[in-house]
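Engineer: Let's see this in three dimensions:
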Amino acid sequence: MQIRKTYRGEAEVFTEALNDILFILLMFFLIVATLANPNVIKLSQPKSQGDTKAKQTVVVSIDANKQFYVGTTPVSLDSLKAALLPIISKEKTEVPTIVINADKTVEIDLVVSVMRVAKEMGAKTVLSTEKQ
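Structural biologist: Just a heads-up that it's a prediction; the model follows:
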């Protein structure tokens, strides 16, 4: 009685198409991640329907000539923090509020610079808009 062992081939995994499948999945997830990014969404300018009442600590205005005003006093961007500090330090509320009143032709960088100064001082900012 002769018992022969039958030769069984080793199991192989077919991986030739694996690179193609991984590339397609990678492209799919990159496209989905781009669409889900909120920075890609187109936004329109804010419009006010009603009044949001916030206690105004101080108003910072920026005119079309890129001149800054604290109340009615003209100041430069470099001296803005020094001009706001005495006004905010007198405020008794927990979080002082700075209202930004900017001309619509002013670059957004100038508005953001006022917001950065307010953040450094621990104040919150509100952007003034026109009613429709």
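Engineer: quick one, what contacts Val114?
Structural biologist: Residues near Val114 by C-beta atoms under 8 Å, 6 or more residues apart in numbering: 60, 62, 68, 80, 98, 100, 125. C-betas here are computed from N, CA, C, even on glycine.
Engineer: Sort out for me which of those are in strands.
Structural biologist: Using DSSP state E, the subset of the contacts of Val114 located in strands is 60, 62, 68, 98, 100, 125.
Engineer: The residues you listed: which two are farthest apart?
Structural biologist: Distances among those were taken as C-beta to C-beta; the most separated pair is Phe68 and Thr125, at 13.9 Å.
Engineer: returning to what we had before: reformat the ones in strands among the contacts of Val114 as JSON lines; add pLDDT and distance to Leu26.
Structural biologist: Below are the ones in strands among the contacts of Val114 laid out as JSON lines (pLDDT from 0 to 100; distance: C-beta to C-beta, whole Å):
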{"residue": "Val60", "pLDDT": "85", "distance to Leu26": "47"}
{"residue": "Ile62", "pLDDT": "85", "distance to Leu26": "46"}
{"residue": "Phe68", "pLDDT": "89", "distance to Leu26": "49"}
{"residue": "Ile98", "pLDDT": "86", "distance to Leu26": "46"}
{"residue": "Ile100", "pLDDT": "85", "distance to Leu26": "43"}
{"residue": "Thr125", "pLDDT": "85", "distance to Leu26": "41"}
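Engineer: quick check, nearest of these to Tyr7?
Structural biologist: When these are compared against Tyr7 (criterion: C-beta to C-beta), the nearest one is Thr125, at 79.1 Å.
Engineer: for the closest one, what are its contacts?
Structural biologist: By C-beta under 8 Å, 6+ apart, the contact list for Thr125 reads 97-100, 114-115, 118-119.
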